[in-house]
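>>> all I have is the shape, not the residue letters:
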């Protein structure tokens, strides 16, 4: 078990390339052993759980797919002039032990691992799995911060279903469960990226009635991405102790990221998502997850490339936030 945290299983090492000059080292060669990561470091871990589904598309391979994509990147941000491995460090803690056919075990283990990562002072960067896993990771994040948190939820769907065919932990339900349990104040929730014809009006109305904020893709284009992201940050951070950002792959346009369960047109382009995640991290977001990535159908490797870049944007932005706060 990584760094003596229960319910974690180590995963095979990342791809490492021959290095002549460490200046050009990629992430596979830059990882720090988990037991040597200092507080403030980035703790990557996977939750290969897709909510009682065992098909190839669902995303249980997402964590390993992100590992492969991340290993091809370097930790330096040209936009922020910062190397997040040099400033904070990055470790792979492995994957949470899950039971593919048992919500209780899988969500409990995920919550306990997330809480222990936070207690040790690390910044969680999490790879799912379906969006079901965010029910557990956000619950732990909320408990750790006294249930006073804000959420930015990138998604093509609101995930406010009460149930799906009787399944109350389906990937379309996690935000509903978090609101009902009191772990998130609906007035501190912002959804970004809804669009098209894959949503139900009842979910949107439920969210509006209790104070959830929605930005459709039309809103983002009409009012401007910068304006909407600043408003989202202001809303979720005002009076809260910490902000969690969760990113569903299907918020991206299907031309950019086809390797997900529900790809669709009209979503975020790659640079728009990069800029949005970077801004939220640079203004203090304290945890990040990526879900619903299906690497087995990522034949061009385009989806993995975008998602790995977004994870790096978060880590670079968070590092810049800490640098700027210290100066």
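Ah, there it is. Remember, it's a predicted structure, so these values are computed and weren't measured experimentally. Numbers count the residues shown, from 1 in each chain.
>>> tell me which residues in stretch 247-261 are buried?
247-254, 256-261 (16 or more other Cβ atoms under 10 Å). Quick note: C-beta positions are derived from backbone N, CA and C, even for glycine.
>>> again but with stretch 126-144, I slipped
The neighbour-count check on stretch 126-144 (16+ other Cβ under 10 Å) flags 126-142, 144 as buried.
>>> equivalent analysis for stretch 29-37, please.
Buried residues in stretch 29-37 (16+ other Cβ under 10 Å): 29-32, 34, 37.
>>> so what does the longest helix along the chain touch, helix or strand wise?
Longest helix in the chain, counting residues (DSSP state H): helix 302-326. If you count contacts as 3 or more Cβ pairs under 8 Å, 6 or more residues apart in numbering; DSSP states H and E, helix 302-326 packs onto helix 62-70, strand 76-77, strand 82-83, helix 84-87, strand 123-128, strand 242-248, helix 270-282, strand 287-291.
>>> buried stuff in that helix?
Applying 16+ other Cβ under 10 Å to helix 302-326 flags 302-322 as buried.
>>> can you tell me the SS state at residue 39?
coil (DSSP: H, G, I helix; E, B strand; the rest coil).
>>> oh, I was asking about residue 138
helix.
>>> bridged to the most centrally placed residue in the chain, which residues?
The centroid of the chain falls nearest to residue 289 when counting by Cα atoms, centre = their mean (1.5 Å). Beta-bridge partners for residue 289, by DSSP bridges, are residue 126, residue 246.
>>> that one contacts residue 130, correct?
No. Between residue 289 and residue 130 there is no contact under Cβ atoms under 8 Å: 11.2 Å.
>>> about what we covered before: out of the buried residues of stretch 247-261, which sit inside strands?
247-248 (DSSP state E).
>>> include pLDDT when you put the buried residues of stretch 247-261 into TSV, please.
As requested, the buried residues of stretch 247-261 are arranged in TSV below (pLDDT from 0 to 100):
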residue	pLDDT
247	98
248	96
249	96
250	95
251	97
252	98
253	97
254	96
256	95
257	96
258	95
259	95
260	92
261	86
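>>> just the buried residues of stretch 247-261 now: which is nearest residue 60?
For the buried residues of stretch 247-261, the closest approach to residue 60 (Cβ to Cβ) belongs to residue 261, at 11.6 Å.
>>> contacts only, for residue 230.
Shown in contact with residue 230 (Cβ atoms under 8 Å, 6 or more residues apart in numbering): residue 279.
>>> adding distance to residue 95, write the helices and strands packed on helix 302-326 out as a markdown table.
Listed next are the helices and strands packed on helix 302-326 as a markdown table, based on distance: least, Cβ to Cβ, whole Å:
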| stretch | distance to residue 95 |
| --- | --- |
| helix 62-70 | 6 |
| strand 76-77 | 27 |
| strand 82-83 | 26 |
| helix 84-87 | 21 |
| strand 123-128 | 9 |
| strand 242-248 | 18 |
| helix 270-282 | 23 |
| strand 287-291 | 14 |
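>>> can you say which of these is nearest to residue 101?
Nearest to residue 101, of the helices and strands packed on helix 302-326 and by Cβ to Cβ, is strand 123-128 at 17.0 Å.
>>> that closest one vs helix 62-70, what angle?
In terms of direction (axes from the mean of the first three to the mean of the last three Cα atoms, to 10 degrees), strand 123-128 departs from helix 62-70 by 110 degrees.
>>> and stretch 106-124, what's buried?
For stretch 106-124, by 16+ other Cβ under 10 Å, it's 106-107, 109-118, 122-124.
>>> show me the contacts for residue 76.
By Cβ under 8 Å, 6+ apart, the neighbours of residue 76 are 82-83.
>>> separation between it and residue 194?
34 Å (Cβ to Cβ, to the nearest Å).
>>> ok, how many other residues are close to residue 241?
14 (other Cβ atoms under 10 Å).
>>> pretty sure it sits against residue 144.
No. Using Cβ under 8 Å, residue 241 is not in contact with residue 144, being 9.3 Å away.
>>> what's the helix or strand where residue 117 lies in contact with?
For residue 117, the host element (DSSP states H and E) is helix 103-119. With contact meaning Cβ under 8 Å, 6+ apart, helix 103-119 is reached by 5-8, 43, 45, 47, 49, 51-52, 93, 96-100, 124, 126, 132-133, 135-137, 139-141, 143-144, 169.
>>> out of the residues you listed, which sit inside strands?
8, 43, 45, 47, 93, 96, 124, 126.
>>> and what about residue 28, helix, strand or coil?
helix.
>>> contacts only, for it.
Residue 28 sits next to 13-17, 70-71 when contact means Cβ under 8 Å, 6+ apart.
>>> sorry, back to before: of the helices and strands packed on helix 302-326, which is nearest residue 156?
Among those, strand 242-248 sits nearest to residue 156 (Cβ to Cβ), with 6.8 Å.
>>> distance from the chain centre to the closest one, please.
6 Å (Cα atoms, centre = their mean, to the nearest Å).
>>> so residue 97 touches residue 7, yeah?
Yes. Using Cβ under 8 Å, residue 97 is in contact with residue 7, at 4.8 Å.
>>> related to what we said a few turns ago, any chance of the ones in strands among the contacts of helix 103-119 in CSV, plus pLDDT?
Below are the ones in strands among the contacts of helix 103-119 laid out as CSV (pLDDT from 0 to 100):
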residue, pLDDT
8, 96
43, 98
45, 98
47, 97
93, 97
96, 97
124, 98
126, 98
